[in-house]
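Turn this into a structure:
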Amino acid sequence: PPLTGGGGGLVLSCSRDCTARLWDPRAGAALVKVMQGHSNTVTSAFLSEDGGRAYTSSDDSTIMVWDLKVMQTPLMTLKCGGGVRGIAVREEGLL
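Reported below is the predicted structural model:
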């Protein structure tokens with residue numbers, strides 16, 4: 001199911017196809033961006049309150065931080081010791 005944070009009304013979903021997708025329900029659920037970079041199922045996703053960043057985790061043992069203003073490759077990739085099932089982000093943007 002889609003996951004939301006603040007995100008300025010945007011919705012972020014995660015998928016078994018190794019992507020996260022950013023949607024805008026105000027525009028008839030229009031697809032805004034497909035975020036590619038993980039090599040296994042994206043297990044969780046989170047939008048920052050200001051809508052500027054997205055955070056994704058995956059069974060590929062990584063957490064990725066995305067800049068939604070640029071919408072290119074991830075800003076940062078954090079390598080973990082095993083598949084990551086969930087993430088929590090503090091207001092300051094800290095994982």
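
quick one: the strands in the chain?
11-14, 19-24, 30-36, 42-47, 53-58, 62-67, 76-79 (DSSP state E).

can you put those in CSV and add distance to residue 86 and mean neighbour count?
For the C-beta atoms, the positions are set from N, CA and C on the backbone; glycine is no exception. As requested, those are exported to CSV (distance: least, C-beta to C-beta, whole Å; neighbours: other C-beta atoms under 10 Å):
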stretch, distance to residue 86, mean neighbour count
strand 11-14, 11, 21
strand 19-24, 14, 20
strand 30-36, 18, 14
strand 42-47, 5, 23
strand 53-58, 7, 24
strand 62-67, 10, 20
strand 76-79, 14, 12
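
okay, the ones you listed in TSV with mean pLDDT and distance to residue 89 next?
What follows is the strands of the chain, written out as TSV (pLDDT from 0 to 100; distance: least, C-beta to C-beta, whole Å):
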stretch	mean pLDDT	distance to residue 89
strand 11-14	92	12
strand 19-24	93	14
strand 30-36	91	16
strand 42-47	93	5
strand 53-58	93	6
strand 62-67	94	9
strand 76-79	92	12
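
Tabulate those strands (CSV), appending distance to residue 87.
Below are the strands of the chain laid out as CSV (distance: least, C-beta to C-beta, whole Å):
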stretch, distance to residue 87
strand 11-14, 11
strand 19-24, 12
strand 30-36, 14
strand 42-47, 5
strand 53-58, 5
strand 62-67, 6
strand 76-79, 10
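
what's the neighbour count on residue 37?
Number of residues near residue 37 (other C-beta atoms under 10 Å) recorded here: 17.

can you check residue 25 too?
12.

you'd agree it is up against residue 12?
No - counting by C-beta atoms under 8 Å, residue 12 is not a contact partner of residue 25; they are 11.5 Å apart.

To residue 88, which of the strands of the chain lies closest?
Relative to residue 88, the nearest member of the strands of the chain by C-beta to C-beta is strand 42-47, separated by 7.8 Å.
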